[in-house]
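>>> quick check, what structure comes out for this input:
(one chain, ligands or ions: 2)
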Amino acid sequence: MSNPEGEIPTFAVVGKINMGKSSVLATLLEIDNDRVVRVSATPGATTQCQVLPVEFDGREMIRFIDTPGFSNALEAMRAIQEIHGEGTPDLAAVKLFVLREIDGGQFEDEARLLQPLVDGAGVLYVIDPSKPLRDTFVAEMEILRWTGRPRMALLNEKAENQDRIEEWRTRLGSYFNLVRTFNAHHARFSERKNLLKSLLQIDEGNRARIEETIEFIDQEWDERREESAEYLMDFLSYALKHRESVTLDVKEEELEARKERKRQELTKTYYANIARMEEKTYRRLLKLYRHDLLKVEVGDDHFEGLDLSSEETWQKWGLSRSQLTLAGGVAGGAAGIAVDLGTGGLTHGLGTLFGAIGGAGAAFFKGEDLPDLKIGMITEQGNSKALVMGPPASENFPWILLDRCLHHFGEIMNHAHGRREESLLSINADAGWVRRFSRERRSRLQRWFTQNVKKGAIRFDADVFHEFVDILHEVEGA
Ligand SMILES: Nc1nc2c(ncn2[C@@H]2O[C@H](COP(=O)(O)OP(=O)(O)OP(=O)(O)O)[C@@H](O)[C@H]2O)c(=O)[nH]1
Ligand SMILES: [Mg+2]
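Ligands and ions are numbered 1, 2, ... in the order given. Just a heads-up that it's a prediction; the model follows:
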């Protein structure tokens, strides 16, 4: 990568083997691919220096280097002292050590990790403060100090253990220009950004370049948030407009059991299609936020609580009954579309349909927060009769969908790229985003939902878009 502006600020992440160096970088730089940054429970995962450029618009802004861990720091320290002779070793002594050891020497790991420092890189020293502070760590700190490079220590706590933190901090404070915490498994966007900002404090000479990088990152994050808002609006719009229908032949029309079977099929297809679109929305979000390992599945019947047709979903997500009343219903908008055929079949039909959806029949509607789930009507299409499902007459339907989307968005935001266990997005956390919205926000969104239930395209509404962007911003920060 060309760099007409001169040297690219470079920072090497160093530390004892297995401290989480690679994980810290993976999270900082949003890399969840082991082929790019190898993370492993087995010590010694990283054996070569790995250059990780941070690029914007094809321009390399800053550069990080993942390094093999210190494996024999005490001995290496003595070897450097020997090379130097009397007094405190300096960069020249470290350089000689690297030259001597880099090709198959006794301290190959140490030489490899020190090479970038000899070449001018700043130091990010990763330690796990739940480990006891042994002499080997002190040896590592000594060696790093001898290089004279700007250096920051990062506390990446792998296990809960506050006992040793103060001891670590005090000791690190005398060897490093700055001590920060950065948890590779939990750091969020703001913490990642703060880490980059900390680089300004240790590397004043590259201030302009680092500040520019932080601006790029902020900008990229804003763009992603806006894109996410669009994905969300696309999905909600689709779900609110969606209709599913099947025509009924004479037998199906006349024989209740057959009609019932058709109804159940229709219900299934309707929800399956909404779930498919929801899943697609999450996949788009995962891609946008560079998650390859993280997966999401929205099954019609795979996961309890994710199933739009399950009772639990309706109790857990969406607005409360009183909030719904205040927000004003979708029902009005839907009434003109789902047409009552006016036969006795309708009432009966809806009853059984609810039974199929709720599982628990009448009991389903007794819960305080449960709105009517009026989805599904028999309509006439030309000369034949058809069962039609959608648009949703239930006022809570869009709120439930939005709530779930926000929850998933939050999970995606919170998932650190350094975590390598292949995982499904969790769906068990507390819901309740939309219940906390202000009344103004609820009304504004409700109006947009109602417009969407109606047929035909709706105009892009900048106010609503910005409302969605604000909501996502809040979810990010929570
Ligand atoms: N619980 C927890 N585990 C972590 C954290 N950071 C790293 N680990 C785990 O610690 C192990 C080592 O992580 P790596 O990032 O490969 O460590 P490394 O320092 O690069 O190791 P080497 O390359 O072998 O020197 C992996 O199993 C990680 O998943 C953390 O913040 N929390
Ligand atoms: Mg590593």
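
>>> so what's Asp463 up against?
Neighbour list for Asp463: Arg444 [criterion: Cβ atoms under 8 Å, 6 or more residues apart in numbering]. For every residue, glycine as well, the C-beta is placed using N, CA and C.

>>> state the helix or strand in which it lies.
Take DSSP states H and E as the rule and Asp463 turns out to sit in helix 462-477.

>>> domains of the protein?
Domains of the chain are assigned by automatic domain parsing as 10-202, 221-477.

>>> mind listing what's buried along the helix holding Asp463?
Judged by neighbour count (16 or more other Cβ atoms under 10 Å), helix 462-477 contains these buried residues: 464-465, 467-469, 471-472, 475-476.

>>> before we move on, what about stretch 158-170?
Buried residues in stretch 158-170, defined by neighbour count with 16+ other Cβ under 10 Å: 158, 168.

>>> residues contacting Arg258?
Residues in contact with Arg258 (Cβ under 8 Å, 6+ apart) are 251-252.

>>> phi first, then psi, for it.
Dihedral angles phi and psi of Arg258 (degrees, to the nearest 10) take the values phi -70, psi -40.

>>> and Thr213, which of the domains of the chain is closest to it?
Nearest to Thr213 among these is domain 10-202; the distance by Cβ to Cβ comes to 4.2 Å.

>>> mind checking the end-to-end distance for that closest one?
Counting by Cα to Cα, to the nearest Å, the length from the leading to the trailing residue of domain 10-202 is 12 Å.

>>> pLDDT (mean, whole number) over the helix holding Asp463?
Computed over helix 462-477, the mean pLDDT rounds to 95.

>>> may I have it as PDB, with CA atoms only?
Listed in PDB are the C-alpha atoms of helix 462-477, where the atom choice follows Å, rounded to 0.1, in the frame of the first residue of the first chain:
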ATOM      1  CA  ALA A 462     -37.000  11.500   6.300                       C
ATOM      2  CA  ASP A 463     -38.400  12.100   9.800                       C
ATOM      3  CA  VAL A 464     -39.200   8.500  10.400                       C
ATOM      4  CA  PHE A 465     -35.800   7.500   9.000                       C
ATOM      5  CA  HIS A 466     -34.100   9.800  11.400                       C
ATOM      6  CA  GLU A 467     -36.200   8.500  14.200                       C
ATOM      7  CA  PHE A 468     -35.000   5.000  13.300                       C
ATOM      8  CA  VAL A 469     -31.400   6.100  13.200                       C
ATOM      9  CA  ASP A 470     -31.800   7.700  16.600                       C
ATOM     10  CA  ILE A 471     -33.300   4.600  18.000                       C
ATOM     11  CA  LEU A 472     -30.400   2.500  16.700                       C
ATOM     12  CA  HIS A 473     -28.000   5.000  18.200                       C
ATOM     13  CA  GLU A 474     -29.600   4.500  21.600                       C
ATOM     14  CA  VAL A 475     -29.500   0.700  21.300                       C
ATOM     15  CA  GLU A 476     -25.800   0.900  20.400                       C
ATOM     16  CA  GLY A 477     -25.000   3.000  23.400                       C
END
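
>>> starting at the chain centroid, how far to that helix?
Distance of helix 462-477 from the chain centroid (Cα atoms, centre = their mean, to the nearest Å) equals 16 Å.

>>> wait, which of the buried residues of helix 462-477 is closest to Ile165?
Nearest member of the buried residues of helix 462-477 to Ile165, counting by Cβ to Cβ, is Glu476, at 27.8 Å.

>>> for burial, what's the neighbour tally of the residue in the stretch 201-350 of the chain that ligand 2 sits nearest to?
Of the residues in the stretch 201-350 of the chain, the one nearest ligand 2 is Leu293, at a distance of 17.0 Å by Cβ to the ion. For Leu293, the number of neighbouring residues by other Cβ atoms under 10 Å comes to 15.

>>> that one touches Leu424, doesn't it?
No - Leu293 sits out of contact with Leu424 when judged by Cβ atoms under 8 Å, with a separation of 10.5 Å.

>>> overlap in contacts of these two?
In terms of Cβ under 8 Å, 6+ apart, Leu293 and Leu424 are not both contacted by any residue.

>>> and the strands in this protein, which stretches?
10-14, 50-56, 59-66, 122-127, 151-155, 178-181, 244-248, 377-381, 384-389 (DSSP state E).

>>> switch those strands over to a markdown table; also include mean neighbour count and mean pLDDT.
Converted to a markdown table, those look like this (neighbours: other Cβ atoms under 10 Å; pLDDT from 0 to 100):
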| stretch | mean neighbour count | mean pLDDT |
| --- | --- | --- |
| strand 10-14 | 26 | 98 |
| strand 50-56 | 15 | 95 |
| strand 59-66 | 21 | 96 |
| strand 122-127 | 24 | 97 |
| strand 151-155 | 24 | 97 |
| strand 178-181 | 17 | 96 |
| strand 244-248 | 17 | 83 |
| strand 377-381 | 17 | 55 |
| strand 384-389 | 20 | 77 |
